[in-house]
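Q: the amino acid sequence is not available; the structure is as follows:
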Ligand code: ADP
Ligand code: ZN
Ligand code: ZN
């Protein structure tokens, strides 16, 4: 037998399998995923690598095959299935095998194991009592104290009991020598959730929720595995539904992974799961120490965990009998990795589930177009929750035309209507959220008098202003000079938006001096727990108004909020990429969904310069399907995902001229391998940030209906790049169906 090994060096040229012999002392010890030491290269330098398979036939001359030197002591074996998953990710998303392996590897190296000493009673109670009398008789007080404590409870924590009873190590040793006690050491797991005390009782599912869970259960118990989309309006109680689905899976002896956007992974969320599944729940998040993560993975491997909750990377939890993967808020952009391989957690989860016999449940109030489209084509099954959990009304939404405010002489950030409603709520002691849309702000140009936005005539996305005083399209590179007068109405009020959360806060404090105001943005959440503290203060009603960026729209339940104001709704509408309307619709719907979750009905004011845009209109009507139909017409017309697939090729290099040349060559190569012109190649163009710390960037986009053709084109480009010297100093990354522009 020979071991097939991937060498741990990120270099395209080495991105293949190398065969090694298995020496007799390692026979039977290597598995797929084992990290090994191997001699490599001319000098036989010891290098690390991973076993990815075995073969019976040597692929080379026998004398050329070197033996494996040994197993890396503190290495973490990647489970065989995850190695397979890494192979699929490399193939689909590009990059090297070693990059893919490192992505599926939950932790980098073995951490120190932490343990605690225990003192145990080593004799029967009767013997113990006899000895206790003896100690008392001999006036050996310390020994008597310890023994009495152990007779009360035969197992005590060493540190605690010695400190509490003032007992020295020599006393313990003496009792040990007499065979009265035993000292043992037990491993303790660093648990991130040990301090939790669940308090919420499970709710009774309403009819819609029961029907949804019932469907899943019926399929599941019959062995049917597939992908579901739970499309449920804001506040419909999706989390309760997930928990019941997990219950089914866990009862069958299987495990579940729950993916949640990191920002929504709050104490409250985890508590809900902990309340239901106790300490068989584990979590992963970026604020945990390596040690904590390591222990959680060991708990997983020891079968002590049924439910793992975490952000994107929790997808690679090495469960042996995975039954279900849930992806909450599946439309979120954070499910796409920004590092090579640039995988999407949704697609990767579906692949993992298919190979391991699990189901996938996606959930959102504003599903991604991809997922809803997949329901229409029959790839996923749609499960709907049309009502809020206790039948609360969805909020009433007003669209406030800011062009009218300008005409009426109001140049403030707050419209008259919003200001009046705020006064009303402050009087009634109800809470208010003000959401400033800063997402995807990319310097587009808009007319404040008529709402006109300058767009690329070829790509139908907004142009962005560059420092050179020109407006540029980030897909195709089209340019024109910056305008100073609106081409549509002649108004000189053209430009971008500038206001930030801090300015909004100042204004609100000035206008409502009596109100208690909180601000949540990158600045105020920098310190540890800053984020949770602000949320807690607001939840405890120690503040009246919460001002924030998109951070505040994520899955929080504040029953006292009855007014939501959305400022500059258009900011994300005209970011320069084809997903901008989708993203805006999602943000507005989710933000509006914060209002009226308790007993009192909510109101929402959306302030905009584009009141007629379908993204704004449909969000105000909370009409997802209406939005979907409109947006799909645009995607179809322009050939954007999910109708067609898009492959971005991001090229970076130190020399501008050479980079431009290489990008042009790559485009010509694409034309050569596709003589029929089936694929549509767009660009090369300069991305939004064309130069980062002296490194130049250039990007090509390829559109094509068939995903497999794009993957094949990627593979051909990878080979071409590897074979050509001109690309050596460049870095080239692929991004299949990117979440935005570069
Ligand atoms: P979503 O994720 O769909 O926005 P959640 O699962 O967070 O909704 O539920 C919103 C609120 O409604 C939570 O406070 C939850 O406890 C409550 N809730 C959910 N289902 C029910 C139910 N059947 N009866 C009463 N309250 C419920
Ligand atoms: Zn105008
Ligand atoms: Zn263009």
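A: Received it, and whenever you're ready, just let me know what you need. Since this is a predicted model, take the numbers as computed values, not measurements. Ligands and ions are numbered 1, 2, ... in the order given.

Q: buried residues, stretch 268-280. List them.
A: Neighbour-count burial for stretch 268-280 flags 268-277, 280 (criterion: 16 or more other C-beta atoms under 10 Å). Heads up, the C-betas are built off the backbone N, CA and C, glycines and all.

Q: dump those into a markdown table; add pLDDT, secondary structure and distance to residue 153 as well.
A: Below are the buried residues of stretch 268-280 laid out as a markdown table (pLDDT from 0 to 100; DSSP: H, G, I helix; E, B strand; the rest coil; distance: C-beta to C-beta, whole Å):
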| residue | pLDDT | secondary structure | distance to residue 153 |
| --- | --- | --- | --- |
| 268 | 76 | helix | 35 |
| 269 | 82 | helix | 36 |
| 270 | 84 | helix | 31 |
| 271 | 83 | helix | 30 |
| 272 | 86 | helix | 33 |
| 273 | 90 | helix | 32 |
| 274 | 87 | helix | 27 |
| 275 | 86 | helix | 29 |
| 276 | 89 | helix | 31 |
| 277 | 91 | helix | 28 |
| 280 | 91 | helix | 26 |
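
Q: out of the residues you listed, which are close to ligand 2?
A: Among the buried residues of stretch 268-280, no residue lies close to ligand 2 (C-beta under 5 Å from the ion).

Q: restrict those to those near ligand 1?
A: Among the buried residues of stretch 268-280, no residue is within reach of ligand 1 (C-beta under 6 Å from any ligand atom).

Q: tell me the one of these nearest ligand 3?
A: Minimum distance to ligand 3 across these is 40.8 Å, recorded for residue 269 (C-beta to the ion).

Q: spatially nearest residue to that closest one, not counting backbone neighbours?
A: Counting by C-beta to C-beta, 6 or more residues apart in numbering, residue 269 lies nearest to residue 260, which is 6.5 Å off, once chain neighbours are set aside.

Q: same thing with residue 614?
A: residue 630 (4.4 Å).

Q: mind pulling up the pLDDT for the one you found?
A: pLDDT recorded at residue 630 is 96.

Q: where do the helices sit along the stretch 201-350 of the chain?
A: Here the stretch 201-350 of the chain has its helices, by DSSP state H, counting those that start in this stretch, at 207-221, 238-251, 267-277, 290-301, 345-356.

Q: enumerate the residues of the stretch 351-500 of the chain near ligand 3.
A: Proximity of the stretch 351-500 of the chain to ligand 3 is confined to 456, 458-459, 473, 475-476, 478 under the rule C-beta under 5 Å from the ion.

Q: neighbours around the closest residue to ligand 2 within the stretch 51-200 of the chain, how many?
A: In the stretch 51-200 of the chain, the residue that lies nearest ligand 2 is residue 93 (42.6 Å; C-beta to the ion). When neighbours are defined as other C-beta atoms under 10 Å, residue 93 has 25 of them.

Q: hang on, isn't it packed against residue 734?
A: Yes. Residue 93 lies in contact with residue 734 (C-beta atoms under 8 Å); the separation is 6.7 Å.

Q: not counting sequence-adjacent ones, nearest residue to residue 583?
A: residue 572 (5.3 Å).

Q: can you pull the phi/psi pair for the one you found?
A: phi -80, psi -20 (degrees, to the nearest 10).
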